[in-house]
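S.K.: Below are the sequence and a predicted model for it; my questions follow.
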Amino acid sequence: MAVRPRPRRGRGQHFLRSSKLAAELVRAARVQPGDLVLDLGAGTGALTAALIQRGASVVAVEIDTELVAGLRRRFPDVRIVEDDLLRVPFPRERFKVVANLPFGCGTAVLRRLLDPRVPLDGADVILDWGLATKRASVWPGTQLSSYWGAWFELSVARRLPRSVFAPPPSVDAGVLRIVRRADALVPTSERAVYEAFLVRGYREGLRSVVPPRRLKRLEAELGLARQARPRDLDAAQWAGLWRAVRQSV
C-alpha cells in the first residue's frame, strides 16, 4: 500500500506525484543492479520503489515518524532509517544518492555529501531550480561550487515543473547531477589549504592569492579573461591557480 503524503510545514517537503517520473529519474541516474543507493528524504517512497525495481541495494532515510511507518509497511525488506539528513551516518563503502531533498535543507545536505572524504560515487538530487543552477556553477560561480568542483563534476540534468510535486512548491525544481572525478583536481589531503585559498580569493580578489605578474602569465595558460573576477573562473581554473601558487612556494 502506498504511503499517504503528509507534508510537514516548515520542512520543505514536496512529494513526487508520479511513479512513472520516479522511474525515469532513476534510469537517468544510471543506477545499476547491486549499487548501494541512499534515498535521502524518502517521503512517500516514490524513488525508493523505483530504485528497488532497478535492483539497487536501497537505504531510505526519513525523519517524519508517520512516513517512516508507512515506508516500513510498504517496503518490509528495505532498510528504512529514521534520522535527520544532517546527522545520519553515511556508508563507509562507495555509494550513490538518488533523492528528492527537502527544499529547506538542500545546501546543508550537499555540504555533507560533497566532503571529499565521503565515499560518494555520484548522485542525482532534486533541489529547487535556483539552488540547482547555483550549485552546478552555472555562471556566476560561487566559492562552494569552486571548492566542490575540485573533486566532483556538477551539472543540471533536468528541469522539473512545480506541477509534478504534491503539494506544488512555489518554484520549479532541477535535478543536480554529481559525478565524482576519476582524477581529483586537488588532493583530498590539501582540502583545508585549498578552501582557505578560495575563501581569500573570493573575498579579496585574484590578486590577493596570485601575484599580479604571475597572474598575467597564467591568463593565457589557464584561459583566463583579462580582469577576470573570482566568479568568472571554473573549478579547473581555480585548481590551476592553486597548483601554480603551490609550486612557486
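M.R.: Thanks, I have it.
S.K.: Residue 162: what's it in contact with?
M.R.: 168, 169, 170, 171, 172, 173 (Cβ atoms under 8 Å, 6 or more residues apart in numbering). From N, CA and C alone the C-beta is placed, and that goes for glycine too.
S.K.: Now tabulate these in a markdown table and tack on neighbour count, distance to residue 180 and secondary structure.
M.R.: Converted to a markdown table, these look like this (neighbours: other Cβ atoms under 10 Å; distance: Cβ to Cβ, whole Å; DSSP: H, G, I helix; E, B strand; the rest coil):
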| residue | neighbour count | distance to residue 180 | secondary structure |
| --- | --- | --- | --- |
| 168 | 14 | 33 | coil |
| 169 | 15 | 29 | coil |
| 170 | 8 | 32 | coil |
| 171 | 13 | 28 | coil |
| 172 | 17 | 27 | coil |
| 173 | 26 | 23 | strand |
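S.K.: Output the helix or strand of the chain with the lowest mean pLDDT in PDB with nothing but the alpha carbons.
M.R.: Here the helix or strand of the chain ranked lowest by mean pLDDT, DSSP states H and E is helix 212-222, holding a mean of 89. The C-alpha trace of helix 212-222 is given here as PDB (Å, rounded to 0.1, in the frame of the first residue of the first chain):
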ATOM      1  CA  PRO A 212      49.900  40.300 -10.400                       C
ATOM      2  CA  ARG A 213      52.800  39.400 -12.700                       C
ATOM      3  CA  ARG A 214      52.300  35.700 -12.100                       C
ATOM      4  CA  LEU A 215      48.600  36.100 -12.700                       C
ATOM      5  CA  LYS A 216      49.200  37.800 -16.000                       C
ATOM      6  CA  ARG A 217      51.400  34.900 -17.200                       C
ATOM      7  CA  LEU A 218      48.700  32.400 -16.100                       C
ATOM      8  CA  GLU A 219      45.900  34.100 -18.000                       C
ATOM      9  CA  ALA A 220      46.900  32.500 -21.300                       C
ATOM     10  CA  GLU A 221      47.900  29.200 -19.700                       C
ATOM     11  CA  LEU A 222      44.600  28.800 -17.900                       C
END
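S.K.: What is the helix or strand following that helix packed up against?
M.R.: Toward the C-terminus, helix 212-222 is succeeded by helix 235-248 as the next helix or strand (DSSP states H and E). With contacts defined as 3 or more Cβ pairs under 8 Å, 6 or more residues apart in numbering; DSSP states H and E, helix 235-248 has these neighbours: helix 143-148, helix 191-204, helix 212-222.
S.K.: Mind telling me which residue is nearest the centre of the chain?
M.R.: Nearest to the mean C-alpha position of the chain, by Cα atoms, centre = their mean, lies residue 110 at 4.8 Å.
S.K.: Many thanks, I have nothing further to ask.
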